[in-house]
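okay, predicted coordinates and the sequence, questions at the end:
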Amino acid sequence: MSAVSLAWKQAGVSASVLFIAALLLYHDTLSSMVSVWWRSDTFAHGAIVFPVCAWLAWRKRAQLAAVEPQASAAGLIALALLVSVWLFARLADVLVAEQLALVAMIPALVWALLGRRALSVLAFPLAFLAFAVPFGEGLIPVLMEFTASFTVRALELTGIPVYREGLHFSIPSGEFEVATACSGIRYLIASLALGTLYAHLTYHTFWRRALFIALSIVVPLLANGVRAWLIVMIAYWSDMKLAVGVDHLIYGWLFFGIVMFALFWLGLTFRERTPAPPPDAVKVTVAGTAHRRLVTPAVVAAAMLAAAPLAARQLARLPADDGRAPQLPLAAAGWRGPLEAGLPWRPSYHGAAYERIARYDGNDGPVQLAIVSYAAQAQGAELINAENLPYDARWHLRDEGRARAPDGRGGAHTVQATRLDSATGPLLVWYWYVVGAHATASDALAKLYQVWGAVRGSAANARLIAVATPEVPDAHRAAARLTDYLEAHATELAACAGGVSAGCGE
């Protein structure tokens, strides 16, 4: 056996053992990815990403054989950073960051154990692993807005009268809504994954690859807009008998298949006519002690991989710093309450330990207060989550922004301001978070306060505080009404939301 092949055998065994160890140590993060692949059409392609990457790496075996495997201190540093990212993501319950950190550990291990040259040879297969992570749902609101704007503009150009309000629009034959399934996110992600793979296998020059990947983003965006417009047109021409039920979804997938076929056909028009030049031969020299030099980095990498899950389990046992149930403040300064909730509004937050909701009546109109509390947070029971919204299914989002609300200490703090619509009329909602002793309107800061609570030795109690009022007679008066309510109750609200009983009702 040659020195090169012996070195690769030793390095390959070490790397394989650590890859398997990483997947076992972080099995709950891997399981969370697999469960999304299984239940979501949008991310079903993730199930084939690992086999595809293995096949792509196998195609590089001749180039790898010409490279000497060498352990890298820089790779170990990268691995240490990714392990730390995973731990902070676990403490903050940011699942997608956990998953990205885990997938990124694989190229870091290649770098640490096999060296920079091996990492360079395997760059694309390792980068393609990113498509195994189910991310991109944050783009859904933007895509929904684009689809609605594209469809309405296309209808106007077609000569059909249309009235739009947010994501809803009406034409003479009926009403339509751009729902989550109409955003095109599943087409975009699938097209990007397939397009990236196609570009790598078909082209050799950078500009061709970049151009086709760009097309795999732009084409499905425009095609989804055309698809939505055609669905409305089919419904219009058929007097709302077609393209409004199951056939709506079937039509969408058929249309996507046609679009992808057209995209790949277009890609063939500028494919390179000559094959890629063979890779330059690399002359290697392998010292007889190569296998010994792998032992210490492998042991260090194994210790790093084991440290984060152990630390996460230990910190998960920490008690919450305040597990008391929130209470409702007693009415003050001309307000009456707390009364039974009268407005058809409540936040939609999942897995909370406690929820309190009540109405307060003032001279200018009602304000409804909601307090949602999490004594200890975990996946599926966390304050900041993409599925948690400050309104339920009865309401439609019209506008989002920021506002300044009294803080009870003579000053003001920033709150999220959300304007909603429903059959009962428009509604203005102000809300913010309180994590431990910190109040913030920022999702990111709320997560950081959660991590800080765990680092200092306790799982911080986290709360949503939201107030809502009808936009009657207008948005300006509604904002003034919320300001007046908070000026009268901000101090008591902060105490009651934390479970302090003085000045609080039930």
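Structure received.

tell me which element the residue nearest to residue 150 when sequence neighbours are not counted falls in.
Counting by C-beta to C-beta, 6 or more residues apart in numbering, residue 150 lies nearest to residue 225, which is 3.3 Å off, once chain neighbours are set aside. In this view, the C-beta of every residue, glycine as well, is placed from N, C-alpha and C. Counting by DSSP states H and E, the element that carries residue 225 is helix 206-237.

ditto for residue 262
helix 246-268.

what's the following helix or strand after that helix?
Heading C-terminal from helix 246-268 (DSSP H and E), you reach helix 290-316.

which elements pack onto that next one?
Counting by 3 or more C-beta pairs under 8 Å, 6 or more residues apart in numbering; DSSP states H and E, the packing neighbours recorded for helix 290-316 are helix 3-25, helix 73-92, helix 95-114.

how does the chain divide up, domain by domain?
3-130+275-316, 141-182+205-268, 336-497 (automatic domain parsing).

can you report how many residues neighbour residue 15?
22 (other C-beta atoms under 10 Å).

the closest residue to it other than its chain neighbours: neighbour count?
Distances taken as C-beta to C-beta, 6+ apart place residue 113 nearest to residue 15, at 4.8 Å, with adjacent residues excluded. Residue 113 has 28 neighbours, counted by other C-beta under 10 Å.

wait, the residue nearest to residue 150 sits on residue 145?
No - using C-beta atoms under 8 Å, residue 225 is not in contact with residue 145, being 11.4 Å away.

neighbour count winner among the two?
residue 225 (20 against 14).

and the pLDDT for that one?
Residue 225 is assigned a predicted lDDT (pLDDT) of 88.

how about residue 185?
86.

so what pairs up with the nearest residue to residue 160 once chain neighbours are set aside in the strands?
Residue nearest to residue 160 in three dimensions, not counting chain neighbours: residue 171, with 5.4 Å by C-beta to C-beta, 6+ apart. Note on residue 171: beta-bridge partners residue 174, judged by DSSP bridges.

begin at 6 from now on, thanks
Done: numbering now begins at 6, and the last item shifts to residue 176.

what's near enough to touch residue 176?
160, 165-167, 237, 241 (C-beta atoms under 8 Å, 6 or more residues apart in numbering).

check residue 352 too.
By C-beta under 8 Å, 6+ apart, the neighbours of residue 352 are 375, 377, 393-397, 436, 469, 471.

and if you look at residue 482?
369, 476.

pretty sure it is in a strand, no?
No - using DSSP: H, G, I helix; E, B strand; the rest coil, the assignment for residue 482 is helix, not a strand.

mind checking how far it is from residue 349?
In this view, residue 482 and residue 349 are 20 Å apart by C-beta to C-beta, to the nearest Å.

could you do residue 137 as well?
From residue 137 to residue 349 the distance is 42 Å (C-beta to C-beta).

with neighbour numbers in mind, choose between the two.
residue 137 (25 against 14).

ok, now which ones touch the more buried one?
38, 51, 54-55, 108.

much appreciated, bye for now.
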